[in-house]
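In: take this sequence and fold it.
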Amino acid sequence: LLDFPTAFPIKIMGRREGGFTKAVIEIVLRHAPDFAPGSIETRPSREGRYISLTATVNATSQEQLDALYRELCDHPSVVMVL
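Out: Numbering: from 1, shown residues only. A predicted model of the protein is given here:
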């Protein structure tokens, strides 16, 4: 169980295509308005077909995290959210 508020890293993996990072940032900001987009960590896959983004949000509740995970998972370019 988590004690809120807490810094919570979320890893989002998706296809490396135009607009992916921007779309992820927009989703994260809807659920965590205090998220700093410049803090997102980016790592391409070895073959360059996929990209991994790590966004650390200031989580205030389990409900907030659940809603964020749902919306990220529903995006067509997202392959996995951890």
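In: report how many residues lie close to I12.
Out: 26 (other Cβ atoms under 10 Å). (C-beta placed from N, C-alpha, C; glycine too.)
In: now name the helix or strand holding the closest residue to it other than its chain neighbours.
Out: Of all residues not flanking I12 in the chain, L53 sits nearest, at 4.7 Å (Cβ to Cβ, 6 or more residues apart in numbering). In the assignment (DSSP states H and E), L53 maps to strand 50-59.
In: quick one: mean pLDDT over stretch 63-81.
Out: The predicted model assigns stretch 63-81 a mean pLDDT of 97.
In: so R30 touches E71, yeah?
Out: Yes - between R30 and E71 there is a contact under Cβ atoms under 8 Å: 7.2 Å.
In: and those two? Which one has more around it.
Out: Neighbours per residue (other Cβ under 10 Å) separate R30 from E71, with E71 holding more: 16 against 12.
In: what about the strands in the chain?
Out: Using DSSP state E, the strands of the chain run over residues 6-15, 41-44, 50-59, 78-81.
In: columns distance to E26 on top of those strands, output as a markdown table?
Out: Output for the strands of the chain, formatted as a markdown table (distance: least, Cβ to Cβ, whole Å):
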| stretch | distance to E26 |
| --- | --- |
| strand 6-15 | 12 |
| strand 41-44 | 16 |
| strand 50-59 | 11 |
| strand 78-81 | 13 |
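In: okay, those strands, which one's buried deepest?
Out: Each of the strands of the chain was scored by mean neighbour count; the highest is strand 50-59, a mean of 19, by mean count of other Cβ atoms under 10 Å.
In: partners of it, with directions?
Out: Note on strand 50-59: by DSSP bridges, its sheet partners are strand 6-15 (antiparallel), strand 41-44 (antiparallel).
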